[in-house]
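1. Structure for this input, please:
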Amino acid sequence: MVYIHSWQEFQDAAEALYEQDPNKTRYCVKWRASEGKLVLKITNDTTCLKFKTYSSIFLNRFEALNLSLIEKMQNRQRPVQPEPSVQPVPAGDSNAPTAATSSTTPQAPGPKTGGVKKKKGKKK
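-> Purely as a prediction, here's the structure:
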């Protein structure tokens, strides 16, 4: 149970360890606020990988590793953001709706209750 000092080595080894045996692999995160220490541990009962840091620089990398492992645990891929497609309107089409003839009007979001919140009673 030796700490790996390089983040890239830890990340590659952690993902490889999970891919070898996903049913037995466990992932543990420990944060000690008093010391500002973050310890990551991933194990499959035969191999144990640990990474320790006191630096806040690793938080973005830690978040990326979490996303990667969670996607593998869920067996899902990141959804691809579809680009909005703009369809041109033919110039001679008189049946196409325009913004001026639109029948929808913008509505204010949220409930329209206007009531007063009830106060809780005292505990006895």
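
2. I'd assumed Asn44 was in contact with Gln20.
-> Yes - with contact defined as CB atoms under 8 Å, Gln20 reaches Asn44; the gap is 7.0 Å. Where you see a C-beta, it was placed from the backbone N, CA and C, and this is true even at glycine.

3. Please identify which of these two sits among more neighbours.
-> More crowded of Gln20 and Asn44, by other CB atoms under 10 Å: Asn44, with 16 against 12.

4. Contacts only, for the more buried one.
-> Shown in contact with Asn44 (CB atoms under 8 Å, 6 or more residues apart in numbering): 17, 20-21, 24-26.

5. gap between the residue nearest to Met73 when sequence neighbours are not counted and Leu49?
-> Nearest residue to Met73, sequence neighbours excluded (CB to CB, 6 or more residues apart in numbering): Pro22, at 7.3 Å. According to CB to CB, to the nearest Å, Pro22 and Leu49 sit 15 Å apart.

6. All good on my end, thank you.
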